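>>> what would the 3D arrangement of this be:
(one chain, ligands or ions: 1)
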Amino acid sequence: MVKSRDYWERRSGMALLDLERDGDEILKRLNLDYVAARTGIIDEISKLYGQYARDNKISQNKALELIKGREYRTWRMSMEKYLEEIGNGNEALLLELNTLCMRRRINRLEAIEGEIIANIAKLSKVQSDMVKEHLIRSLENSYYNSMYDHYKDKNNIVYELMHNHNVKLSKTAVEKVLTLPWSGANYSKNIWNREYNVASKVRRLVTRNIMEGKSIDRLTLEITGVLGADYKHAAKTLIHTETAFVKSQADLLVYEKLGQEEYEFSATLDMKTSDVCRRLDGKHFPVEDAVPGVNYPPMHPRCRSITIAYRPDKRGKTKAARGEDGERYKVPADMTYQEWYDMYVEGNGEKGYNKSKISGGISGGISGGITNMNSEEANTHAKLYYEEIRHQSTDVDRISKNTGYRKEFILEIKHYLFIDEHDLNGEKTRFQPDFAIAQSWQRLSQGKIQPHDITLLKHEELERSLILQGKTQDEAHKIASRAYNYQKEAERYYDLLEKSQKRKR
Ligand SMILES: [Zn+2]
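Model prediction:
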């Protein structure tokens, strides 16, 4: 075990932040489904008001009038279409919808209630599908990144697992984590219960408002309020908390696989927010005793505590320490993440959970304090960043989306900057890791773009085309710098950053 405690703590924290970012992407997409549900409900109510309202109010008689003939048939058909679309999902809501559909006598208010139930049942189905996909991806991502880190650390157990083609996460293990009712229920049950309550709430307020003769504007406002609050607080909290849960469970699976006996609790990211986590910080427990909410994260909603393998001294209480580091097993020692993953996860022909391809590596976000891009600290971070960027597989898509540049182009730049070897002073080698470039790449990927980050893309675009025209790397770089002086802009950026930080102190 070569790497320090700090290293593992940092890797784990960065991994959690990265998964949270993925969760935020899911939330952004989910927002559109909330808008669709709201619009679906309000449109239906608007139709009612359009036909029967006087002075923007519906009379009780009109609201409680039975619907007949074509009006009834249209309603039934639309409900059946919903049921077909949703398939399985929120059982409680679907039961209510089915019961309503079976009735022969339906008044206008009940017809609207059917629309409310259907729209929210659909929303909870979409929501639980999206969250599921995100959680599986997070679990796999976290597990494999961590295994790879242990491989890079020449952990003998990992070498043994690789040798035996036994690195892969089993499908059963993934299912088990996703179905565990760790907070009283698992994620999908939690979503279903919550959306059932949201549907009841919206039904009640629609009934009350119509019966009290309130205007549609008022009603619209109230529906928007209920759905908005559900999205803003409940959905966000759920995604963040479930992500933290899955991340912690991935770590647990790694500990178990590596024969790690104890873990150490670390509240570095969570310190400010929670007393319970602060008290556990630095304490260690047997892996087999880990219980979420008791001595293992997440301890509370939105918890950001993590754990690391506990090693009292260098010999440690791990099986790994007993053998010589990796020497007994003939596996390549210097694979990139992708090579390692392709060979030992994808390529082992064993049954395993393979549905969603691993996406996104770990990207740092903790070195915002570095203002001197040439310092030793910056160099260390740059090396780490470059290694991580090489493992990322969603950065190209994200940068393309954030900047409007074609994916193929961004991929070329990525290979050029971080992966390929170049003729540099008569030697074939990769570019020296550059802190400013690493940070630019990260910001481009996260969408928090500075002007000089775009200059980097323009500079590299030009430089590459000049090399293709036959210029040497050095010549091409000089010409490209005249048009797009990334170096100078980056220096100015870090100067300003330093000044602004000095002011804050
Ligand atoms: Zn916490």
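>>> got the buried residues for the helix or strand hosting residue 255?
Element membership for residue 255, per DSSP states H and E: helix 236-257. Of all the residues in helix 236-257, those buried under the rule 16 or more other C-beta atoms under 10 Å are 236, 238-255, 257. Using the backbone N, CA and C atoms, a C-beta is placed for each residue, glycine as well.
>>> does any part of that helix sit near the ion?
No - using C-beta under 5 Å from the ion, helix 236-257 stays clear of the ion, coming no nearer than 8.3 Å.
>>> so what does that helix touch, helix or strand wise?
helix 5-52, helix 108-152, helix 171-179, helix 187-211, strand 262-266, strand 306-309 (3 or more C-beta pairs under 8 Å, 6 or more residues apart in numbering; DSSP states H and E).
>>> what mean pLDDT would you report for stretch 216-233?
When pLDDT is averaged over stretch 216-233, the result is 94.
>>> list the buried residues of it.
Within stretch 216-233, the residues scored as buried using 16+ other C-beta under 10 Å are 216, 219-220, 222-223, 226-227, 230-231.
>>> nearest spatial neighbour of whichever residue of the stretch 101-250 of the chain sits closest to the ion, skipping sequence neighbours?
Using C-beta to the ion, the closest approach of the stretch 101-250 of the chain to the ion is made by residue 244 at 8.3 Å. Nearest non-adjacent residue to residue 244, counting by C-beta to C-beta, 6 or more residues apart in numbering: residue 298, 4.2 Å away.
>>> cool, residue 62 as well?
Per C-beta to C-beta, 6+ apart, closest to residue 62 is residue 52, 4.3 Å.
>>> ok, that neighbour touching residue 58?
Yes - counting by C-beta atoms under 8 Å, residue 52 touches residue 58, with 5.7 Å between them.
>>> ok, back up a step: can you put the buried residues of stretch 216-233 in TSV and add secondary structure?
Listed next are the buried residues of stretch 216-233 as TSV, based on DSSP: H, G, I helix; E, B strand; the rest coil:
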residue	secondary structure
216	helix
219	helix
220	helix
222	helix
223	helix
226	helix
227	helix
230	helix
231	helix
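>>> how about these, which pair is most distant?
216 and 231 (22.0 Å; C-beta to C-beta).
>>> in this protein, which ranges drop under the pLDDT threshold?
Residue ranges of the chain with pLDDT under 70: 1-2, 271-273, 313-328, 347-369, 501-505.
>>> residues of it that sit close to the ion?
270, 274, 277, 299, 303, 305.
>>> out of these, who's the most crowded?
residue 305 (27 neighbours; other C-beta atoms under 10 Å).
>>> tell me which residue of the stretch 151-300 of the chain lies closest to the ion.
residue 277 (3.4 Å).
>>> wait, doesn't that residue sit right on residue 305?
Yes - the criterion here is C-beta under 8 Å, and residue 277 meets it with residue 305 at 4.6 Å.
>>> which residues do those two both contact?
265, 267, 270, 297, 299 (C-beta atoms under 8 Å, 6 or more residues apart in numbering).
>>> dump these into a markdown table; add distance to residue 453 as well.
Compiled in a markdown table, the shared contacts of residue 277 and residue 305 are given as follows (distance: C-beta to C-beta, whole Å):
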| residue | distance to residue 453 |
| --- | --- |
| 265 | 37 |
| 267 | 33 |
| 270 | 30 |
| 297 | 34 |
| 299 | 37 |
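>>> residue 449: which of the residues you listed is nearest?
Closest to residue 449, out of all of these and judged by C-beta to C-beta, is residue 270, at 28.9 Å.
>>> residue contacts, the residue nearest to residue 62?
Residue 52 neighbours (C-beta under 8 Å, 6+ apart): 58-59, 62, 108.
>>> top of these by neighbour count?
Most surrounded of these: other C-beta under 10 Å gives residue 58, at 25 neighbours.
>>> roughly how far does that one sit from residue 70?
Taking C-beta to C-beta, to the nearest Å as the measure, residue 58 falls 20 Å from residue 70.
>>> host element of the residue of the stretch 151-300 of the chain closest to the ion?
Counting by DSSP H and E, residue 277 is found in helix 275-280.
>>> mind listing residues that contact the helix or strand that comes right after that helix?
The first helix or strand that comes after helix 275-280 along the chain, using DSSP H and E, is strand 284-286. The contact list for strand 284-286, computed with C-beta under 8 Å, 6+ apart, reads 261-265, 295-296, 310.
>>> many thanks, I have nothing further to ask.
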